[in-house]
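**Q** Quick one: sequence and predicted model below, then my questions.
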Amino acid sequence: MEDVYDEVRSDILFGRRLPSARLSLNEIAEQHGVSLSVVREAVTRLASEDLVEATPQRGFRVCSLSLEHLHDLTWMRIQLETLALRQSIAKGDISWEADLVAAHHRLAVTPMYFDDGTGNTEWLTAHGLFHAALAAASGSPILERLRHQLYDAAELYRMWSSTLPRHPTRAHVADEHKAIFDAALARDADLAVDLMTQHLETTARHLEAVAPSTDPPADAVAG
């Protein structure tokens, strides 16, 4: 089950299965050579993480997107990300600092886009690890689990917006990350929280600007 879960989750987060795209359980089972019950268990787990939704009489689909949901998601992410960050700054030891330095360095040296304009999945991985490193010393597994869940839900918006023909690169992202990183290492919790809040709000505004309608066709399929 774990392999099926990981593969479908990766397909969703990296845009190979677009928002609102139907998930054929039979097709997934055949592809992986497993039973329908195994696929259903994996998809149900993804539904609990808000990456998949069940629709009456129509089975499972990748979660649909909307501006209303984006606003609510951003508000909730700010609450959890800033809480985890403040706790990490208060409790983090030298190992947390070292891990954070390594995570930021990896993010800083990894390009967001290749020369041909296509997105770099290595950057997405590095970005996720950086945000996780900021929160890693919070001391609450429940908080970290919920933070990670909402981070993944937000990645659906990032991935879909990157497929739009008029998707522009958001300027100053690297500067925003560096400012948050510096404030965290300086143990300036108030500044770090303010910068994280601005970072998440700016990201949401950017996504809203490039996608006036963030709900793709109901039967969209990733290429």
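**A** Sure thing, it's come through.

**Q** just so I have it, where are all the helices in this protein?
**A** 2-13, 25-32, 36-48, 67-91, 94-109, 121-135, 141-161, 173-185, 189-210 (DSSP state H).

**Q** what's the angle between the shortest one and helix 36-48?
**A** Yep, that's helix 25-32 we're talking about. Using axes from the mean of the first three to the mean of the last three CA atoms, to 10 degrees, the inter-axis angle of helix 25-32 relative to helix 36-48 is 110 degrees.

**Q** Show me what helix 25-32 is packed against.
**A** Applying 3 or more CB pairs under 8 Å, 6 or more residues apart in numbering; DSSP states H and E, we find helix 25-32 packed against helix 2-13, helix 36-48. Glycine gets a C-beta too; all of them are placed from N, C-alpha and C.

**Q** Now render the ones you listed as CSV, adding distance to Leu80.
**A** Listed next are the helices and strands packed on helix 25-32 as CSV, based on distance: least, CB to CB, whole Å:
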stretch, distance to Leu80
helix 2-13, 19
helix 36-48, 17
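
**Q** Adding mean neighbour count and mean pLDDT, write the helices of the chain out as TSV.
**A** TSV is the format used below for the helices of the chain (neighbours: other CB atoms under 10 Å; pLDDT from 0 to 100):
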stretch	mean neighbour count	mean pLDDT
helix 2-13	17	86
helix 25-32	15	92
helix 36-48	17	91
helix 67-91	18	95
helix 94-109	15	98
helix 121-135	19	92
helix 141-161	18	87
helix 173-185	18	96
helix 189-210	17	90
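
**Q** and of those helices, who's closest to Ala54?
**A** helix 36-48 (6.1 Å; CB to CB).

**Q** what packs against that closest one?
**A** Looks like helix 36-48 contacts helix 2-13, helix 25-32, strand 52-55 (3+ CB pairs under 8 Å, 6+ apart).

**Q** Quick one: closest of those to Asp115.
**A** helix 2-13 (23.7 Å).

**Q** if we look at stretch 189-207, which residues are touching it?
**A** Contacts with stretch 189-207, where a contact means CB atoms under 8 Å, 6 or more residues apart in numbering, come from 70-71, 74, 77-78, 81-82, 85-86, 89-90, 134, 154, 157-158, 161, 170, 176-177, 179-180, 183-184, 214.

**Q** Could you list which residues are in contact with the closest residue to His32 other than its chain neighbours?
**A** Spatial nearest neighbour of His32, excluding adjacent residues (CB to CB, 6 or more residues apart in numbering): Val4 at 5.2 Å. Residues near Val4 by CB under 8 Å, 6+ apart: 28, 32, 34, 38-39, 42.

**Q** Which of those residues sits closest to Pro56?
**A** Comparing the contacts of Val4 against Pro56 with CB to CB places Val39 closest, at 19.3 Å.

**Q** Pretty sure the closest one sits against Glu30.
**A** No. Judged on CB atoms under 8 Å, Val39 makes no contact with Glu30 at a distance of 9.5 Å.

**Q** re the thing from before, is it possible to export the contacts of Val4 to TSV including distance to Gln57?
**A** Output for the contacts of Val4, formatted as TSV (distance: CB to CB, whole Å):
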residue	distance to Gln57
Ile28	19
His32	25
Val34	25
Val38	23
Val39	19
Ala42	21
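
**Q** In terms of distance to Ser20, which of those ranks first?
**A** Ile28 (17.0 Å).

**Q** The residue lying closest to the closest one once chain neighbours are set aside and Glu7: what is the separation?
**A** In space, and not counting its chain neighbours, Ile28 is closest to Val39: 4.9 Å by CB to CB, 6+ apart. Going from Val39 to Glu7 by CB to CB, to the nearest Å gives 11 Å.
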